[in-house]
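Trainee: Build me a structure from this.
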Amino acid sequence: ILNSSHVAAETASLEEQLQGWGEVILMTDKVLRWERAWFPLALMSVVSFSFLMIYYLDPSVLSGVSCFVMFLCLADYLVPALAPRIFGSNKWTTEQQQRFHEICSNLVKSRRRIVGWWKRLFTLKEEKPKMYFMTMLFSLAVVAWIGQQVHNLFLTYLIVSFLLLFPGLNQHGIITKYVGMAKREINKLLKHKEKKNE
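Mentor: Alright, predicted model coming up:
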């Protein structure tokens, strides 16, 4: 009960902070969940064009970070001022308000989950330092190897594309379908192995 009251309080606080971004968040949510058939194509077109521009301009790390932060500052200033004029925020329906609340609640839960994983990592470090050391060493070695094999920008493009497509893939049951298929195949292999051993 205490945990749910904390989540509710954090959700209310986040809703208040993001109120000016409400219309944009709802529109982004529709795009990410593929409410229309052409949304995934539009999403990937924008991402591909953005990365092609970065590849073509080839900015330095400092220039890239500066431009990205400058874009965020402009968005933070302009969006709350322009969004009501473009979307007409005074005409919010109960359904839109409910969806906005759900999005904020999901963001809070995701943040708490990440913090929970982070705490578990440090608990593992204190309780099983050898296991923590070996796990971290192996994971970072794999990441370093992947980074060495694949171009930085292309790898970033793949990660960003997957993260942006994930909500839609999840919403349409595509991830569940393929995870289920993978589990069935693994089970078949294990059963086949058991029969061979017998």
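Trainee: show me where pLDDT drops low in this structure?
Mentor: 1-3, 88-91, 195-198 (pLDDT under 70).
Trainee: what about the residue nearest the centre of the chain, distance to Y157?
Mentor: Centroid-nearest residue in the chain: L163, 4.7 Å away (criterion: C-alpha atoms, centre = their mean). Remark: distance between L163 and Y157 (C-beta to C-beta, to the nearest Å) = 11 Å. C-beta coordinates here come from the backbone N, C-alpha and C atoms, glycine included.
Trainee: same check, this time on A8
Mentor: A8 sits 38 Å away from Y157, going by C-beta to C-beta.
Trainee: which one of these two has more residues nearby?
Mentor: Y157 (19 against 12; other C-beta atoms under 10 Å).
Trainee: Against which helices or strands is the helix or strand harbouring K177 packed?
Mentor: According to DSSP states H and E, K177 maps onto helix 174-197. Contacts defined by 3 or more C-beta pairs under 8 Å, 6 or more residues apart in numbering; DSSP states H and E place helix 174-197 against helix 152-171.
Trainee: now the angle from the helix it packs on to helix 174-197?
Mentor: 90 degrees (axes from the mean of the first three to the mean of the last three C-alpha atoms, to 10 degrees).
Trainee: Next, the buried residues of helix 152-171.
Mentor: 157, 164-165, 167-169 (16 or more other C-beta atoms under 10 Å).
Trainee: Make TSV out of those and add distance to M131.
Mentor: Formatted as TSV, those follow (distance: C-beta to C-beta, whole Å):
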residue	distance to M131
Y157	34
L164	34
L165	34
P167	33
G168	36
L169	33
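Trainee: ok, now how distant is the residue nearest to the centre of the chain from N170?
Mentor: The gap separating L163 from N170 is 12 Å, by C-beta to C-beta.
Trainee: same check, this time on E126
Mentor: 34 Å.
Trainee: and what of D58?
Mentor: 34 Å.
Trainee: again with I186
Mentor: Counting by C-beta to C-beta, the gap from I186 to N170 is 21 Å.
Trainee: How about Q97?
Mentor: 23 Å.
Trainee: from what I can see V79 touches G22, true?
Mentor: No - under the criterion of C-beta atoms under 8 Å, V79 makes no contact with G22, lying 10.1 Å away.
Trainee: Who has more neighbours out of those two?
Mentor: G22 (22 against 15).
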